[in-house]
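Participant: Predicted model, plus sequence, below.
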Amino acid sequence: MPTAPPVTQTPRGLLAITISSVAWGLLPIYWDALRSVASNTVLAYRIITTMVTMLILLALLRRHRHFFAACARLWKNKTLFLLAVIAALLISANWLLYIILVSVGKTLEASASYFLMPVMNMLIAIIVLRERTNAFGWISIALAALGVSIFIVGSGGVPWLGLVMALTFCGYGLLKRVVPLDSLQSITFETAVVTPLALLWLIWQPGFGVAHQQPGIIALLMGAGIVTAIPLITFAYGVQHSQYLTVGFVQYINPTLQFLSAILFLHEAINHTMLIAFCVIWLSLAVYSFALVLRHRATVKAVDPALP
């Protein structure tokens, strides 16, 4: 199996990955401002405007021909094409569930789900990809399960929407391992695949889903593609110019800001039991991160035994 080329971390790379995590962490405030619009309609506009934004970006970067060539190659392999379509459906479902959670005042549930995603990815790697983990990996999984259990007690029910949202993104990430499209090509392809469905939904809605809406709301809907594309672009640049461990640590900014946004700006209530649940989940991530550090040090020492 080919190994990834070594990456030299740069200040711009760290800045880019930080921008993406901060942007994603503050997105609940954006979607909450669109609370008066149906979640399906918000998703439809997000899909369409993101596709248009990405096509314009590819044209400006003169990479549109590479995109169409990649799509043509993908079409020749029906299995990969089907997997790419499934990935598009999964990320669309993820976006919809996230918008629904924010619109119904459950941003804390979404935050908890994003905190759990690294550990859920590890569990999927063990079950699906037959990868191995160490004792710290199993401890982090156990702590994550405990945290979810405490969250269920504190919130009064199983956070089904949040868990399904996390699973859709984990499944999306799993499929991205095999679909041969780069980050810009993939998001353009994925939004293009579901754009016909989004258009049909808007045509079916009176006034394209924005009848009697204020100009500010319509402007926010039109800007959904930009706020979606910018963190994706900075993330794509950041992972190419940052060490993988750095990417993992910085990404914790996203759910932390979601957590703070839910409490400070969206005024969601959190009780002591839910707070304990978040603390346990954070502890799970700390153990998970420690396991990553140990694995990284072992890899580095295997390359150069002279290192301490």
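Facilitator: Yes, it's here.

Participant: what comes up buried for stretch 11-19?
Facilitator: In terms of neighbour count (16 or more other C-beta atoms under 10 Å), stretch 11-19 has its buried residues at G13, L14, A16, I17, T18, I19. The C-beta positions use only the backbone N, C-alpha and C, and glycine is treated the same way.

Participant: Over to stretch 172-188?
Facilitator: Buried, per 16+ other C-beta under 10 Å, within stretch 172-188: Y172, G173, L174, L175, K176, V179, L181, L184, Q185, S186, I187, T188.

Participant: now swap in stretch 219-235 and tell me
Facilitator: Under 16+ other C-beta under 10 Å, the buried positions of stretch 219-235 are L220, L221, A224, G225, V227, T228, A229, P231, L232, I233, T234, F235.

Participant: Just these: which are in strands?
Facilitator: Judged by DSSP state E, strands contain none of these.

Participant: hmm, back to that, and which of the buried residues of stretch 172-188 is nearest to T41?
Facilitator: I187 (20.6 Å; C-beta to C-beta).

Participant: Work out for me the element the closest one sits within.
Facilitator: I187 is located in helix 183-204, with elements delineated by DSSP states H and E.

Participant: Same check on T53?
Facilitator: Assigned by DSSP H and E, T53 belongs to helix 39-60.

Participant: contacting residues around T228?
Facilitator: Applying C-beta atoms under 8 Å, 6 or more residues apart in numbering to T228 gives the contacts R46, T49, T50, T53.

Participant: Which of the residues you listed sits closest to T79?
Facilitator: Of all the contacts of T228, the one with the least separation from T79 (C-beta to C-beta) is T50, at 26.0 Å.

Participant: residues contacting the closest one?
Facilitator: With the criterion set at C-beta under 8 Å, 6+ apart, T50 makes contact with I187, T191, A224, G225, T228, A229.

Participant: Do I have it right that the last one meets T191?
Facilitator: No. Under the contact definition of C-beta atoms under 8 Å, A229 does not touch T191, with a separation of 9.6 Å.

Participant: Quick check: buried residues in the helix holding T53?
Facilitator: Of all the residues in helix 39-60, those buried under the rule 16+ other C-beta under 10 Å are 39-54, 57-58.

Participant: re earlier: could I get the contacts of T50 as a markdown table with pLDDT and distance to Y288?
Facilitator: Converted to a markdown table, the contacts of T50 look like this (pLDDT from 0 to 100; distance: C-beta to C-beta, whole Å):
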| residue | pLDDT | distance to Y288 |
| --- | --- | --- |
| I187 | 90 | 27 |
| T191 | 95 | 31 |
| A224 | 95 | 32 |
| G225 | 94 | 33 |
| T228 | 92 | 27 |
| A229 | 90 | 29 |
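
Participant: From those residues, pick the one nearest R295.
Facilitator: I187 (29.3 Å).

Participant: so how far is A229 from the closest one?
Facilitator: 7 Å (C-beta to C-beta, to the nearest Å).

Participant: what touches both of the two?
Facilitator: Contact criterion C-beta under 8 Å, 6+ apart; residues shared by I187 and A229: T50, M54.

Participant: give me every residue that touches the nearest residue to E268 once chain neighbours are set aside.
Facilitator: Counting by C-beta to C-beta, 6 or more residues apart in numbering, A262 is the residue found nearest to E268 once chain neighbours are left out, at 4.4 Å. Counting by C-beta under 8 Å, 6+ apart, A262 makes contact with P28, T107, L108, S111, E268, I270.

Participant: Tell me who's in contact with the residue nearest to T50 when sequence neighbours are not counted.
Facilitator: Nearest residue to T50, sequence neighbours excluded (C-beta to C-beta, 6+ apart): G225, at 4.1 Å. Contact analysis of G225 by C-beta under 8 Å, 6+ apart lists R46, I48, T49, T50, M51, V52, T53, M54.

Participant: Just to check, the last one is in contact with T188?
Facilitator: Yes. The pair M54 and T188 qualifies as a contact (C-beta under 8 Å) at a distance of 4.0 Å.

Participant: how deep is N134 tucked in, by neighbour count?
Facilitator: For N134, the neighbour count with other C-beta atoms under 10 Å is 11.
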